[in-house]
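Student: Mind looking at a prediction? Sequence and model below.
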Amino acid sequence: MGFPGTWMTESESVVYRVVPKCACSSIGQIMFYSDHGKFFDGDIHDSTAGLHKWSQEASQQLIERNVKAHKSYAFTCVRNPYARILSSFFDKICGIQRNGKRYRGNLVPLLVQKYGIEVGSPEDGFEFDQIKSFRRFLLFARDTIRFRKPMEPDIHWSAMSGHISTFIVNGGRYDHIFFTEKFDEGMQHVLNNIKTKKKVNLKKIPKFNESEGHGPKRAHPVADYFDDLSRHLVWEIYRKDFQLFKYDFDDPNNKMPLGEVDLDEVHAKLGD
């Protein structure tokens, strides 16, 4: 199994477990910058050099050796589950991807046909009933996660606890888990605990958001998308995420966590 979704700087100053839709573009670029003094030209997910990634065969032994010996500071980042699933919908289902096509080819036509989802298009200014379509997408996301039908769950909407647990189960241990909603504070905490080759000034780092600008904007407050049934589905899919990462299930409009992450609890509960 190893350490899927794990990135490490070439200097081995720090190890990061990627959680999709949780500021991973910004974090990857900061890691790249901390070694090279410049950002990767393009989307950091496309880089094949300058940053060790588990998906690159040459990096795997180095990452495995480091993580199992806990040689470097290891961290990850989480996000409010309501906001994260909404972001996945607008980016991956409604948006046009950076290759100019729809995400995963036939996925959107399948959703239109089987779930009656509308996504709009750049030509019509993405005009469609966002709330109705999102709730139908949520049903689809639940079906993929609970029943693995009509397809396997996608990394962008599978639970954060699932991503985070593979690192622990295979012998890793986190030193810090911070919140996307308190990004600068959390990332600064990481930087304060590692030695970087190049100095990183977070105030001067731009926000990297690979999903921005190629899909519709959210037209309503977060809570408007979640009726009783939607919230029931969200709890079914993300119960562990709310509990372990201290997010407010009762108020979808409150994006902020209610407390700090208890690392011992995370390791105990996700380590089986």
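Tutor: Looks like it arrived, so ask away.
Student: Okay, buried residues for the lowest-mean-pLDDT helix or strand in the chain please.
Tutor: In the chain, the helix or strand scored least confidently by mean pLDDT, DSSP states H and E is helix 107-115, which has a mean of 94. If you call a residue buried by 16 or more other CB atoms under 10 Å, then helix 107-115 has these buried ones: Leu107, Val108, Leu111, Tyr115. The way it works is simple: take the backbone N, C-alpha and C, and place the C-beta from them, glycine included.
Student: Out of the residues you listed, which comes closest to Arg173?
Tutor: Set against Arg173, the nearest of these by CB to CB is Leu107 (35.3 Å).
Student: For the closest one, give me its contacts.
Tutor: Ile93, Met151 (CB atoms under 8 Å, 6 or more residues apart in numbering).
Student: what does the host helix or strand of Ile237 rub up against?
Tutor: Remark: Ile237 resides in helix 228-244, with elements defined by DSSP states H and E. Helix 228-244 is contacted from outside by 78, 81-82, 85, 135, 138-139, 141-142, 145-146, 159-161, 226, 247-249, 252, 261-262, 265-266, 269-270, using CB under 8 Å, 6+ apart.
Student: Verify the stated contact: Glu118 with Phe128.
Tutor: Yes. Look at Glu118 against Phe128 with CB atoms under 8 Å: they come within range, at 4.1 Å.
Student: Quick check: the closest residue to Thr48 other than its chain neighbours vs Trp7, distance?
Tutor: Closest residue in space to Thr48, ignoring its immediate chain neighbours: Gln56 at 6.4 Å, by CB to CB, 6 or more residues apart in numbering. According to CB to CB, to the nearest Å, Gln56 and Trp7 sit 10 Å apart.
Student: Looking at those two, which one has more neighbours?
Tutor: Looking at Gln56 and Trp7 with other CB atoms under 10 Å, you find the greater number of neighbours at Trp7, namely 26 against 15.
Student: So the more buried one belongs to a strand, correct?
Tutor: Yes. Under DSSP: H, G, I helix; E, B strand; the rest coil, Trp7 sits within a strand.
Student: ok, now which ones touch it?
Tutor: Per CB under 8 Å, 6+ apart, neighbours of Trp7: Val15, Tyr16, Val18, Gly28, Met31, Leu51, His52, Lys53, Trp54.
Student: who does the lengthiest strand in the chain pair up with?
Tutor: Secondary structure assigned by DSSP state E gives strand 73-78 as the longest strand of the chain. Taking DSSP bridges as the criterion, strand 73-78 forms sheet pairs with strand 14-17 (parallel), strand 176-179 (parallel).
Student: could you pull out the helices for the stretch 51-200 of the chain?
Tutor: With DSSP state H, counting those that start in this stretch, the ranges of helices along the stretch 51-200 of the chain come out as 57-69, 81-88, 107-115, 130-147, 160-169, 183-192.
Student: For stretch 148-157, list every residue counted as buried.
Tutor: Using 16+ other CB under 10 Å as the test for burial, stretch 148-157 gives Pro153, Asp154, Ile155, His156, Trp157.
Student: among those, which two are most distant?
Tutor: Most distant of those, by CB to CB, are Pro153 and His156, 9.3 Å apart.
Student: coming back round to it: want to try TSV for the helices of the stretch 51-200 of the chain, with distance to Leu202 as columns?
Tutor: Compiled in TSV, the helices of the stretch 51-200 of the chain are given as follows (distance: least, CB to CB, whole Å):
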stretch	distance to Leu202
helix 57-69	24
helix 81-88	22
helix 107-115	36
helix 130-147	33
helix 160-169	23
helix 183-192	5
